[in-house]
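Q: heads up, no residue letters with this:
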């Protein structure tokens, strides 16, 4: 029987970090994911969190995200990426099309 692992989360981490842009880069041995906050009125975007992982773990994350997005869409409907969401005041939520590296 497999050993059950428990995950603990510190209170200061439990609230999470808001991100509306991810910049992903890689080398031959790791993936670096910067989660960015692009907020109105701010001159520069701020990296809110950086996660570094091995390629094998990055692929496991990708598969887990695919699975969860599928489950989300079954419950709440298709996520439509063809229409850019327009927040009040115009403009897009995130600056898509800035070149490679965005997720």
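A: Great, that's in hand. Because the structure is predicted, anything quoted here is derived from the model rather than measured.

Q: Specify the beta-bridge partners of the residue nearest to the spatial centre of the chain.
A: Nearest to the mean C-alpha position of the chain, by C-alpha atoms, centre = their mean, lies residue 22 at 5.3 Å. With DSSP bridges applied, residue 22 shows beta-bridge pairing to residue 35.

Q: Was I right to think it contacts residue 31?
A: No - counting by C-beta atoms under 8 Å, residue 22 stays clear of residue 31, with 11.1 Å between them. Every residue, glycine included, has its C-beta placed from N, CA and C.

Q: and the gap between residue 51 and residue 68?
A: The spacing between residue 51 and residue 68, counted by C-beta to C-beta, to the nearest Å, is 17 Å.

Q: same deal with residue 49?
A: Remark: distance between residue 49 and residue 68 (C-beta to C-beta) = 19 Å.

Q: So the two - more neighbours on which side?
A: Between residue 49 and residue 68, residue 49 has the larger neighbour count (other C-beta atoms under 10 Å), namely 15 against 10.

Q: hang on, that one in a strand?
A: Yes - counting by DSSP: H, G, I helix; E, B strand; the rest coil, residue 49 is located in a strand.

Q: May I have the residues that are in contact with it?
A: 17, 19, 34, 35 (C-beta atoms under 8 Å, 6 or more residues apart in numbering).

Q: let's go with 10 Å and repeat that
A: Residue 49 makes contact with 13, 16, 17, 18, 19, 22, 33, 34, 35, 36, 37, according to C-beta atoms under 10 Å, 6 or more residues apart in numbering.
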